[in-house]
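> need a 3D model of the sequence below.
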Amino acid sequence: MLSFVLRRLGQSAILLLIMSVLVFAGMYVISDPVAVMAGEDATEADRLALAAALGLDRPLPVQYLTFLGNILRGDFGTSFVYGRPVLELIFERLPATLEVVFLAMVLGLAFGIPMGIYSGLNRKKPATKLISMITTIGYSIPNFWQALLFILIFAVWLRVLPATGRGPTTEFLGMQLSLLNPEGLRYMLLPAANLGVALICMQTRLARSGTQEVMYQDYMMFARAKGIAPPRLIGRHLLRNILIPIVTITALELGTLIAFSTVTETVFSWPGIGKLLLDAIYRSDRPVVVAYMILITLMFVLINLVADIIYAILDPRIRYA
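From the prediction side, this is the model:
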């Protein structure tokens, strides 16, 4: 296991290096921060002075090597737009994204797995057909359209939940969290539900297919023949054996929700890192974009590494050479 972890960390370092080159070069090709920040009324002298102040007057390879050297020292640079360290900006917005993603994951697992197990155990019941229809519709609706429907139904028609903003927060370990504030939790429900719907549908399908496959295995038929009570049969024998694909998809979806929550955060005006990324792209804030992509890549790598370790815990037959 240790050699596997070390090998994965080495591969991750190479992946991060390639990602930094691609993103840095891409931002240089498609955008000009000086033109965006200087404005149309700036003179050529103003543009040259701004480029020199930002370090953009040097050759591209020199800019990248300087950036890479700073990253190795833990310095991701200073935002062109905000004039603040990039990591400070990202970590300031990160708790807002993590808490709404956490709530979405809780909703996905809490509703998806029980619905999937029920569907797998009761394939011919009308409720199973209803669950199948709901999950198909929920998985097919575009995320932004679904968000607008949530706002229309719960904020405009029913007026039970706020439509935008983060609401009041409670400080915990130096972070401002809405999750610990009852009123702030009301502001979280719509964006979390918008992120959680697709996850609920996916978990339902995975749990249903896993249940249908596992229930006809020899050990499950033997356990039923022994007269094991259904709650114990499901909790100890069934659930444990369907969790590996669920862990895989959950790990991937966790990274995806964190990385690509941009649409949800924009529609609901949720001040997370997704909205920060969108603003940075629009304003050509290159250090923020590059740092964001590198950190998200690192997050994906670590999440999948943890998922691989969980595999071995769930199923001792899995071993990594």
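
> in the stretch 101-250 of the chain, which spans are strands?
170-172, 175-177 (DSSP state E, counting those that start in this stretch).

> right, and the ones you listed - which one's nearest E92?
Checking the strands of the stretch 101-250 of the chain against E92 by CB to CB gives strand 175-177 as the closest, at 9.0 Å. Just so you know, the C-beta spots here come from the backbone N, C-alpha and C atoms, and that holds for glycine as well.

> what does the closest one contact?
P95, E99, T169, T170, E171, G184 (CB atoms under 8 Å, 6 or more residues apart in numbering).

> just the buried members of those residues?
Buried subset of the contacts of strand 175-177 (neighbour count, 16 or more other CB atoms under 10 Å): P95, E99, T169, G184.

> tell me, how many neighbours does G116 end up with?
27 (other CB atoms under 10 Å).

> over to the one 5 residues further on?
Summarising burial for L121: neighbours were counted as other CB under 10 Å, giving 16.

> include pLDDT when you put the buried ones among the contacts of strand 175-177 into JSON lines, please.
As requested, the buried ones among the contacts of strand 175-177 are exported to JSON lines (pLDDT from 0 to 100):
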{"residue": "P95", "pLDDT": "91"}
{"residue": "E99", "pLDDT": "93"}
{"residue": "T169", "pLDDT": "92"}
{"residue": "G184", "pLDDT": "91"}
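
> now, which of the contacts of strand 175-177 sits nearest S12?
Using CB to CB, the contacts of strand 175-177 come closest to S12 at P95, 24.4 Å.

> so the closest one sits in a strand?
No: with DSSP: H, G, I helix; E, B strand; the rest coil as the criterion, P95 is located in helix rather than a strand.

> grab the nearest non-local neighbour of it.
Among residues not flanking P95 along the chain, M175 sits closest, at 4.4 Å (CB to CB, 6 or more residues apart in numbering).

> can you put the strands of the stretch 101-250 of the chain in JSON lines and add mean pLDDT and distance to Y139?
Shown next, in JSON lines, are these (pLDDT from 0 to 100; distance: least, CB to CB, whole Å):
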{"stretch": "strand 170-172", "mean pLDDT": "90", "distance to Y139": "34"}
{"stretch": "strand 175-177", "mean pLDDT": "87", "distance to Y139": "30"}
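
> before we move on, the earlier item: of the contacts of strand 175-177, which pair is most distant in space?
E99 and E171 (13.1 Å).

> in the stretch 51-200 of the chain, which spans are helices?
60-72, 86-121, 126-140, 143-150, 182-214 (DSSP state H, counting those that start in this stretch).

> one step back: so which of the strands of the stretch 101-250 of the chain comes closest to K124?
K124 lies closest to strand 175-177 among the strands of the stretch 101-250 of the chain, at 44.9 Å (CB to CB).

> roughly how far out does that closest one sit from the chain middle?
18 Å (CA atoms, centre = their mean, to the nearest Å).

> now do stretch 147-164
Centroid displacement of stretch 147-164 relative to its chain, using CA atoms, centre = their mean, is 23 Å.

> in that stretch, what's buried?
Buried-residue list, stretch 147-164, by 16+ other CB under 10 Å: A147, F150, I151, F154, A155, L161, P162, A163.

> hmm, back to that, which of the strands of the stretch 101-250 of the chain sits closest to L16?
strand 175-177 (25.6 Å).

> output the strands of the stretch 101-250 of the chain in JSON lines, with distance to A259 appended to each entry.
Output for the strands of the stretch 101-250 of the chain, formatted as JSON lines (distance: least, CB to CB, whole Å):
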{"stretch": "strand 170-172", "distance to A259": "24"}
{"stretch": "strand 175-177", "distance to A259": "20"}
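
> burial of A42, as a residue count?
A42: 15 neighbours (other CB under 10 Å).

> list the contacts of it.
L50.

> next up, identify which helix or strand it is on.
Element membership of A42, judged by DSSP states H and E, is empty: it is in no helix or strand.

> also L254?
helix 239-259.

> which strands and helices sit next to the next helix-or-strand element following that helix?
Using DSSP H and E, the helix or strand that follows helix 239-259 towards the C-terminus is helix 262-267. When contacts are defined as 3 or more CB pairs under 8 Å, 6 or more residues apart in numbering; DSSP states H and E, helix 262-267 packs onto helix 143-150, helix 182-214, helix 273-282.

> relative to P61, which of the strands of the stretch 101-250 of the chain is closest?
Smallest distance to P61 across the strands of the stretch 101-250 of the chain (CB to CB): 38.4 Å, for strand 175-177.

> relative to the closest one, what are the paired strands and their orientations?
strand 170-172 (antiparallel) (DSSP bridges).

> for T248, grab the count of nearby residues.
T248: 16 surrounding residues under other CB under 10 Å.

> how close does it sit to L257?
Distance of T248 to L257, given as CB to CB, to the nearest Å: 15 Å.

> same deal with V263?
V263 is 11 Å from L257, by CB to CB.

> which of the two has more neighbours?
Counted by other CB under 10 Å, V263 and L257 do not tie: L257 has more neighbours, with 24 against 18.
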